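**Q** sharing a model that was predicted from the sequence below.
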Amino acid sequence: MWLSAKKLLVGVAVMGGILLVILGSLVRIRQVEGELGDAGTRSGLSSAEGEETQTDPALGNGTGDVASVGVDATRREALSLYDLSAPADFSTVVELLTECVRQEDVLATFWLARFYLFGECGLTKNESQARAYAEAGIEALRALAKTDCSEAEYLLGLAYTVGLGVQAKDAVEGRKLYEEAAENGSAYAMSVLGDTHARSGNHNDAAQWFLQAAEAGKTGAMVSLGFRLSNGQGAPPDLASALKWYEKAAQAGNAIAMYNLGTFFHGGKGVPKDFLKAKKWYRKAADRGYSGAMHTLGVMHHGGQGGTKNLLEARRWYRKAADAGFPDAMLELGLMFARGDGLNRDDTESARWYAKASKAGNMRATFYLADRYRLGRGVPRSESEAVRLYTEAANDGYAPALYVMGVRLDEGRGVPKDARRAVATLEKAIKAKDKTAMNYLGELLLAGRPPDVAQDEARAASLFKQAREARYASAYTNLGRMYLSGRGGLVKNGPRGIQLLKQAAGVGESNALNFLGEMHRDGRHGLSQDREAAVDLFRRAAERKHTTAMRNLAYCYALGHGVVRNEREAVNKMKAAAEAGDAEAMFALGRMYQNGMGATRNVRTAVRWYRSSAKEGYAKAMHQIGLCYREGTGVTEDAREAESWFAKARKAGYFKATTD
């Protein structure tokens, strides 16, 4: 009897000391309490089933009984709403916790500190505010944790895990406190331990912790458990069980669970595909403020899924999601303005939405915005800004941007020319499965560029095969040509090469159209000479702005091959090729003007086209300019200037110039 009484007196003394610590901390909490800011929304997921979307996994659900019953009930109400992951409730969560802080509740103070630290529940991320709250209440929190208050143990575990209000991070101490909190019934701590095991690849233990938390009523854990069951993490997929947990969480009001149920019906995952049921669940999640569901409703209306296509309704849902901060919806609005879908085409407005999405972290939007600056569409034209944005997207691993920067480095466009960096950048794009990069690097390796890029025909053939498997049309052309010549270790196979070229031509690949035209024109590689067929192929390629095909078509009109000879038409088509940047066409057009073929003879115009061609590096044009200076054709006769141009031609590889 005496021992029990003595133990009781000691316990009372300890509790008295703890209460003094708590009271001292509460005075400091009052001193740092300030404006909490407006609660906002929290982004959901767009096109894939979502897991519990907490900024940090270190969550707990306490059962502390030291605070007054009224404050404790208010805090529990706030945390129950927070667990539902519904942005529509976030302002209420913050308001309730703020009221608890005003009543000097240490646990609510630490929850707000956590929200500020990670920018949750609509609060702007503010590390200094988070640390001010945490440091003011840390001693009181330690004292509460010593009373086996599981919520305090969880929050103290968080404090040690992230270094909030303590001298230094201590993951071991944090883990220990999470385990104590879980043992004392904290469903939030159970979820943290589930996340910890999942990140380390221990999916069986993760599932067990999530199951315990779910059975304790934590809807976020139900979502995490459903996610693992549906994706087969640690065990074969169990869609029926996943559906059960999602339904239970959704019935309790969890917005992510509602969204995930929508994805099940949308994709026919474990249930018959049903767009109307999918829309129903997406709408429920959207009504709870879940921006990912708003975006998906926009996608469904945009594509006419579950009803007729409705661009105005799509735009309305995209706008709601964008206003809620969802980057993919901002991108979609940019695309709608760019295409004029359901509204007037507006390049300025399109660029504005791309900029918003880019700022929010959408790299596809960053890439499109770079294109806008490159072309000067909706924004002032700026090559430097385009390069900056392409680089930003490439640094984030966006494959199309990696390809573009690889090409720019290879060509020295907007950045210093660097073939080695170009190859390294293209390799990154290839690793990200970019088929255009596969084809481009294949072409680079096929040609070789000593000393920076060694010729590697075998690797080129391998890359063309990869790109062809990804159904990239140009790769069919390149691989077909390699089969025709037997390069890259491929066994020479004419029929196979022609088959690949025809497949590429069938989908309008302009290189294939032009090359098949040349084969028919010359009767090469097993194809009979058929100049009419050649003209048809050249014309189809020329319609796709293939400059070599434009030039080839001009030659056909000049010579009467496959068409009635028409020198005037030849000049028109050669001029089109020249104006499109084809150096040989510039030279040929110059010859036409010099000789008066299909146009009035004009030697000055001829020299102007020769100069344009020479500027593009065409050696024959350099030689021709030399002849013009030597003979005084279209320019003042100048032997020294003539020799200078002959030297340029020789340096460019035109050795006939050595005899002039």
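**A** Sure thing, it's come through. Numbers count the residues shown, from 1 in each chain.
**Q** so for L19, what's the pLDDT?
**A** The score at L19 is 41. That number is its pLDDT.
**Q** A213 and V192 touch, don't they?
**A** No: with contact defined as CB atoms under 8 Å, A213 does not count as touching V192 (9.1 Å). All C-beta spots, glycine's among them, are computed from the backbone N, C-alpha and C.
**Q** pLDDT at R42, what is it?
**A** 32.
**Q** what is the helix or strand harbouring D536 packed up against?
**A** Per DSSP states H and E: D536 is located in helix 531-543. Packed against helix 531-543 by the contact rule (3 or more CB pairs under 8 Å, 6 or more residues apart in numbering; DSSP states H and E) you find helix 510-522, helix 547-559.
**Q** reformat the ones you listed as JSON lines; add mean neighbour count and distance to T425.
**A** As requested, the helices and strands packed on helix 531-543 are exported to JSON lines (neighbours: other CB atoms under 10 Å; distance: least, CB to CB, whole Å):
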{"stretch": "helix 510-522", "mean neighbour count": "23", "distance to T425": "24"}
{"stretch": "helix 547-559", "mean neighbour count": "23", "distance to T425": "27"}
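**Q** including mean pLDDT and distance to G185, could those go into TSV?
**A** Below are the helices and strands packed on helix 531-543 laid out as TSV (pLDDT from 0 to 100; distance: least, CB to CB, whole Å):
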stretch	mean pLDDT	distance to G185
helix 510-522	98	69
helix 547-559	98	74
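**Q** poorly predicted segments of the stretch 551-660 of the chain, please.
**A** Applying pLDDT under 70 to the stretch 551-660 of the chain picks out residues 657-660.
**Q** repeat that for the chain.
**A** Applying pLDDT under 70 to the chain picks out residues 1-68, 657-660.
**Q** try it again with 80
**A** 1-69, 234-235, 343, 655-660 (pLDDT under 80).
**Q** so which residues of the stretch 51-200 of the chain form helices?
**A** Ranges of helices in the stretch 51-200 of the chain, per DSSP state H, counting those that start in this stretch, are 69-83, 90-102, 106-118, 127-145, 150-162, 171-183, 187-199.
**Q** the strands in this structure, which residues?
**A** Applying DSSP state E to the chain gives no strands.
**Q** nearest residue to H520 other than its sequence neighbours?
**A** Sequence neighbours aside, A534 is the residue nearest to H520 in space, at 4.1 Å (criterion: CB to CB, 6 or more residues apart in numbering).
**Q** next, the contact list for the one you found, please.
**A** 517-518, 520-521, 552, 556, 561-562 (CB atoms under 8 Å, 6 or more residues apart in numbering).
**Q** if you set the cut-off to 6 Å instead, what comes out?
**A** 517, 520-521, 562 (CB atoms under 6 Å, 6 or more residues apart in numbering).
**Q** can you lay out the residues you listed as CSV showing distance to F227?
**A** Putting those into CSV (distance: CB to CB, whole Å) gives the following:
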residue, distance to F227
G517, 55
H520, 58
R521, 60
G562, 63
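**Q** from those, which is closest to P327?
**A** Using CB to CB, G517 comes nearest to P327 of the contacts of A534, at 45.6 Å.
**Q** how far away is the closest residue in space to that closest one that isn't next to it in sequence from A570?
**A** Distances taken as CB to CB, 6+ apart place L537 nearest to G517, at 3.4 Å, with adjacent residues excluded. Distance, L537 to A570, by CB to CB, to the nearest Å: 18 Å.
**Q** returning to that earlier point: distance of the residue nearest to H520 relative to G262?
**A** 55 Å.
**Q** about what we covered before: need the helices of the stretch 51-200 of the chain in JSON lines (columns: mean neighbour count).
**A** Below are these laid out as JSON lines (neighbours: other CB atoms under 10 Å):
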{"stretch": "helix 69-83", "mean neighbour count": "19"}
{"stretch": "helix 90-102", "mean neighbour count": "21"}
{"stretch": "helix 106-118", "mean neighbour count": "27"}
{"stretch": "helix 127-145", "mean neighbour count": "22"}
{"stretch": "helix 150-162", "mean neighbour count": "28"}
{"stretch": "helix 171-183", "mean neighbour count": "20"}
{"stretch": "helix 187-199", "mean neighbour count": "26"}
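**Q** which one, of the ones you listed, ends up nearest to E313?
**A** helix 90-102 (26.1 Å).
**Q** can you check what angle separates the closest one from helix 69-83?
**A** 150 degrees (axes from the mean of the first three to the mean of the last three CA atoms, to 10 degrees).
**Q** quick one: contacts of helix 90-102?
**A** 36, 39, 71, 74-75, 77-78, 81-82, 108-109, 111-112, 121-122.
**Q** which members of those are the farthest-apart pair?
**A** Greatest spacing in the contacts of helix 90-102, by CB to CB: V71 and G122 (22.3 Å).
**Q** okay, how far is it across stretch 504-517, tip to tip?
**A** 13 Å (CA to CA, to the nearest Å).
**Q** contact partners of it?
**A** So stretch 504-517 is in contact with 473-474, 476-477, 501, 534, 537-538, 540-541, 544, 546, 548-549, going by CB under 6 Å, 6+ apart.
**Q** and stretch 216-225, by the same measure?
**A** 51-52, 61, 83-84, 187, 191, 210-211, 213-214, 245, 248-249, 252, 254, 256-257.
**Q** touching, L276 and G306? I think so.
**A** Yes: using CB atoms under 6 Å, L276 is in contact with G306, at 5.1 Å.
**Q** and the two? which has more neighbours close in?
**A** Legend: neighbour count by other CB atoms under 10 Å for L276 and G306, higher for G306 (18 against 10).
**Q** next one: the more buried one from A314, what distance?
**A** When CB to CB is applied, the distance between G306 and A314 equals 12 Å.
**Q** with R364 instead?
**A** Distance of R364 to A314, computed by CB to CB: 18 Å.
**Q** who has more neighbours, the two?
**A** The neighbour comparison of R364 against A314 (other CB under 10 Å) goes to A314, with 23 against 19.
**Q** who's in contact with the more buried one?
**A** Contact analysis of A314 by CB under 6 Å, 6+ apart lists 298, 301-302.
**Q** mind putting those residues into CSV with distance to L426 and neighbour count?
**A** Shown next, in CSV, are the contacts of A314 (distance: CB to CB, whole Å; neighbours: other CB atoms under 10 Å):
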residue, distance to L426, neighbour count
G298, 35, 29
H301, 39, 24
H302, 34, 21
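**Q** which of those residues sits closest to G201?
**A** So of the contacts of A314, ranked by how close each gets to G201 (CB to CB), first place is G298, at 36.3 Å.
**Q** surely that closest one touches R316?
**A** No: using CB under 6 Å, G298 makes no contact with R316, being 7.7 Å away.
**Q** any shared contact partners between those two?
**A** Common neighbours of G298 and R316 (CB under 6 Å, 6+ apart) do not exist.
**Q** neighbours of the residue nearest to G517, how many?
**A** The number of residues near L537, taken as other CB under 10 Å, comes to 26.
**Q** tell me the contacts of it?
**A** Applying CB under 6 Å, 6+ apart to L537 gives the contacts 513, 516-517.
**Q** and with 10 Å instead?
**A** 505, 512-521, 530, 549, 552-553, 562 (CB atoms under 10 Å, 6 or more residues apart in numbering).
**Q** repeat for F464
**A** Neighbours of F464 in contact, by CB under 10 Å, 6+ apart: 438-439, 441-443, 445-446, 472, 474-482, 488, 490, 500.
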